[in-house]
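> just a sequence and a predicted model for now, questions to come.
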Amino acid sequence: MANNSAIWWVKSGAANGLEATAVSDTTNHSDGEIILFNESSPVVAKGGLVFNSEFRIRNSVAENARVDGNGNDVQDMGLDGIDVQITGMIKDSDASNTAMAKFMQWINEAKTTTGFTEGRFGLRIDDFPYFNLVPVATYGYVLNDITFVRDPNKDNKVGFILTLRVGGNLRTWLDAGGYNGE
């Protein structure tokens, strides 16, 4: 399936955080504020290829020292955060690459904005949709960091490792995805 993953950036004042809104915003880039990824084909055109996606749900566990005991007590403090790491490659490591330009702009700009105060990034992964997220006022992805990997054996391509973190009300987002726990 072509373009079965996407990451997008929502600008201040956007009517909503939908992927289509980012596609239609051509102020900075003619193809919108979105990067499409095809996870089954080599990188031959715009966008890129995703090799691996990792999703980590962190629970906060406090450790309370037991001076007289054999071990310390641990205490469940609840959900601490959700991190997403995407590893992939984009074509054209030169200055004309639009995906590279978007990554550089996105990491340099504020990670939240008016109307999207908890995170302005959205993510779609068609074959593992549980971590798909459309940013709204109460939650969104925040672009935490990007690592670029230049392999001299892969001519005119650059690898990347992208880390996103869910900002805002994690429980509301999980419940919206169908969890509906206690």
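Alright, I've got the coordinates.
> which stretches in the chain count as helices?
Taking DSSP state H, the helices of the chain run over residues 19-24, 98-108, 170-176.
> ok, which of those comes nearest residue 54?
Comparison of the helices of the chain against residue 54 by CB to CB identifies helix 170-176 as nearest, at 17.6 Å. Bear in mind the C-beta positions are built from the backbone N, C-alpha and C, glycine included.
> the closest one: which residues count as buried?
Going by neighbour count (16 or more other CB atoms under 10 Å), the buried part of helix 170-176 is 170, 173-174.
> tell me, what residue is most central in the protein?
The centre of the chain sits closest to residue 164, judged by CA atoms, centre = their mean, with a distance of 3.9 Å.
> and the longest strand for the protein?
In the chain, with assignment by DSSP state E, the single longest strand is strand 73-91.
> average pLDDT for that one?
Averaging pLDDT along strand 73-91 gives 86.
> quick one: that strand to helix 98-108, angle?
Interaxial angle of strand 73-91 relative to helix 98-108 (axes from the mean of the first three to the mean of the last three CA atoms, to 10 degrees): 140 degrees.
> and residue 24, how many residues sit next to it?
By other CB atoms under 10 Å, 13 other residues sit near residue 24.
> I meant to write residue 80 there.
12.
> gap between it and residue 13?
From residue 80 across to residue 13, the span is 32 Å (CB to CB, to the nearest Å).
> ok so, going back, looking at the helices of the chain, which one has the lowest mean pLDDT?
Of all the helices of the chain, helix 170-176 carries the lowest average pLDDT, namely a mean of 80.
> give me the contact list for it.
Outside of helix 170-176, the residues within contact range by CB atoms under 8 Å, 6 or more residues apart in numbering are 79, 81-82, 133, 138-139, 166, 181.
> can you list those in CSV and add neighbour count and distance to residue 70?
Converted to CSV, the contacts of helix 170-176 look like this (neighbours: other CB atoms under 10 Å; distance: CB to CB, whole Å):
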residue, neighbour count, distance to residue 70
79, 15, 29
81, 13, 31
82, 20, 34
133, 24, 43
138, 15, 44
139, 24, 41
166, 24, 37
181, 7, 33
